[in-house]
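> I would like to see how this sequence folds:
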Amino acid sequence: MMGSLLYLVGVAFASFGTSTLASAQYEAREVLGIDTSTLNGKLFVGYQAWFRKPFEDNGNSHWTTDTPTPEVGHVGVDMIPNITGYPPECLFDTNFTLPDGEATKFYTNDCEGVVDLHFKMMADAGISGAFIQRFYGYINEANGGWINILNYVKTAAEKYGRGFVIEYDLNGASTTSTNVTETFLADLGSLGSLTSSSAYVHHNGKPVLEIWGFGIVTEVSVDDGIAIVTALKNAGWYVILGVQQAWHAELAADQPGGYGPVYRLADMIQPWTVGAYGFDNYDDFHDGRQAVEDANALRDLGIESSIVVWPGGSSSNANPNEAFDHFPRFNGTFYQKQLDGAVNLKPSFVFGAMFDEVNEGTAVLPVLRNRELPTNQRFLGIDDDMEPDYYLKMAGDAASKLDSAWK
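From the prediction side, this is the model:
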């Protein structure tokens, strides 16, 4: 469903005389909303939305690892968002000291203004929208925090003409402890008001759903995987499977325990390539694995494809055994190579990992530059000569090129 979305921009004026009267005029700004009836020619980003102010009865934080506040020596992120434009009521102080002596502020995701701003960033950059991560371990979160965020997403996506899709992450699921199929079906039944939104993405006439983790989260068995995908397709969903990056090797019928029978049921396959290559060997991965092995396997199965791109990676604060900046960004050239490579292969859509993943250093939202980082804790910044939204613009440019390729 493509159309023009009108939203109002306020311009304040004051007239002076014996009294002062504040008034506002509004102008209509035309924004072209994406066509939510298809995935083709789009670039979506993954949206974790799990960064909440710690320990305020909000389920989880992810800013911090093992302390009540994200403090020096106990922080779960390697990058710090640039908070320009964030609503003040959505921010909180930390004890990380900026070069000017001020306290570093983090945002809390369960504040509607944060989600609204994030979707505005996507719209301004030309990114198609987001796949909203819904983690199996938090489906039954008692205080409803994740449901609140999903509702904020729906409102913001409709407001800015973006699309959104629910993506279930299998982490926390286990065949031995729960009926994963029944849990998914019950949860989707409770989310009907969200998935019926005009901003919810469809493909081939069906609402889109992604299940991430087959072949990665091995606590969910092959038999359970078959049951999950079969039930979802029977319920009318278009099912994307996010799978381990060497997924095609498991298609062989003689591989015991392989997830090949699950993969064959998918409407679309999305190999998870984060960490599978670096700057130096990406070309070999693209020319061999993606352009030949994956493409041939998908063609033989008659399954559509999605390609994952990511700007770099660093997760040393949450995982001290990990090397700092272990997948360098090379001033954006690593990301650009992947974006170009993905567009050239013309998948149904490109998945950008991730919009906000500052835990693992894959975030493309505006973050602090090197010269702006705190002085009392090591963090990873982007290069000083970059604008904070540089990576968003790169993704948006790739979205435009892919859209053109599909026309």
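
> you'd agree I132 is in a helix?
No - using DSSP: H, G, I helix; E, B strand; the rest coil, the assignment for I132 is strand, not a helix.

> Please verify my assumption that it contacts R162.
No - if you go by Cβ atoms under 8 Å, I132 and R162 don't touch, sitting 11.3 Å apart. Every residue, glycine included, has its C-beta placed from N, CA and C.

> neighbour-wise, which of these two wins?
The neighbour comparison of I132 against R162 (other Cβ atoms under 10 Å) goes to R162, with 26 against 23.

> mind checking how far the nearest residue to the more buried one once chain neighbours are set aside is from R299?
Of all residues not flanking R162 in the chain, G129 sits nearest, at 3.7 Å (Cβ to Cβ, 6 or more residues apart in numbering). Distance of G129 to R299, computed by Cβ to Cβ, to the nearest Å: 28 Å.

> of these two, who's got more company?
Taking other Cβ under 10 Å, G129 and R299 do not tie; G129 has more neighbours (28 against 10).

> What's opposite that one in the beta bridge?
F44, G163 (DSSP bridges).

> For A323, which three-state class applies?
Per three-state DSSP, A323 ends up coil.

> Verify the contact between it and G278 for me.
No - counting by Cβ under 8 Å, A323 does not reach G278; the two are 11.7 Å apart.

> what about the two, which has more around it?
More crowded of A323 and G278, by other Cβ under 10 Å: G278, with 15 against 10.

> Which of the helices or strands spans the more buried one?
Assigned by DSSP states H and E, G278 falls within no helix or strand.

> What residues does it make contact with?
By Cβ atoms under 8 Å, 6 or more residues apart in numbering, the contact list for G278 reads 327-328, 334.

> And those residues, which of them are buried?
Among these, those classed as buried by 16 or more other Cβ atoms under 10 Å are 327, 334.

> Looking at the contacts of G278, which is nearest Q377?
P328 (19.8 Å; Cβ to Cβ).

> hang on, R52 packs against F106?
No - contact criterion Cβ under 8 Å: R52 and F106 do not qualify, at 9.6 Å.

> joint contacts of these two?
The contact lists of R52 and F106 share W63, where a contact means Cβ under 8 Å, 6+ apart.

> Those two - which one has more neighbours?
More crowded of R52 and F106, by other Cβ under 10 Å: F106, with 26 against 23.

> Can you tell me how far the more buried one is from C90?
If you go by Cβ to Cβ, the gap between F106 and C90 works out to 10 Å.

> what's the residue nearest to R162 in contact with, if anything?
So G129 contacts 34, 42, 44-45, 119, 122, 157, 162-165, 199, 201 (Cβ under 8 Å, 6+ apart).

> What's the separation between it and L39?
For G129, the distance to L39 - Cβ to Cβ - is 10 Å.

> Which neighbours do those two have in common?
Common neighbours of G129 and L39 (criterion: Cβ under 8 Å, 6+ apart): V201.

> tell me the secondary structure for R299?
Assignment for R299 (three-state DSSP): helix.

> K346 reaches A405, doesn't it?
Yes - if you go by Cβ under 8 Å, K346 and A405 touch, sitting 5.2 Å apart.

> Tell me where the chain is predicted with low confidence.
1-31, 55-60, 65-69, 142-144, 253-254 (pLDDT under 70).

> which residues of it fall in helices?
Ranges of helices in the chain, per DSSP state H, are 112-125, 145-160, 180-190, 192-195, 222-234, 260-263, 282-284, 295-301, 333-345, 390-406.

> Could you provide those helices in TSV, with additional columns for distance to D100?
Below are these laid out as TSV (distance: least, Cβ to Cβ, whole Å):
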stretch	distance to D100
helix 112-125	23
helix 145-160	32
helix 180-190	45
helix 192-195	42
helix 222-234	51
helix 260-263	52
helix 282-284	38
helix 295-301	51
helix 333-345	30
helix 390-406	23
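
> S316 is nearest to which of those?
That would be helix 333-345 among these, by Cβ to Cβ, at 18.0 Å.

> ok, now which ones touch the spatially most central residue of the chain?
The chain has G46 as the residue nearest its centroid, 1.2 Å off, counting by Cα atoms, centre = their mean. Contacts for G46 were tallied using Cβ under 8 Å, 6+ apart; they are 130-131, 133, 167, 351-355, 357.

> Which among those count as buried?
130-131, 133, 167, 351-355, 357.

> what sits against T94?
Contacts of T94 by Cβ under 8 Å, 6+ apart are 69-71, 103-106.

> Quick check: buried residues in stretch 374-394?
Applying 16+ other Cβ under 10 Å to stretch 374-394 flags 374, 377, 379-382, 386, 388-394 as buried.
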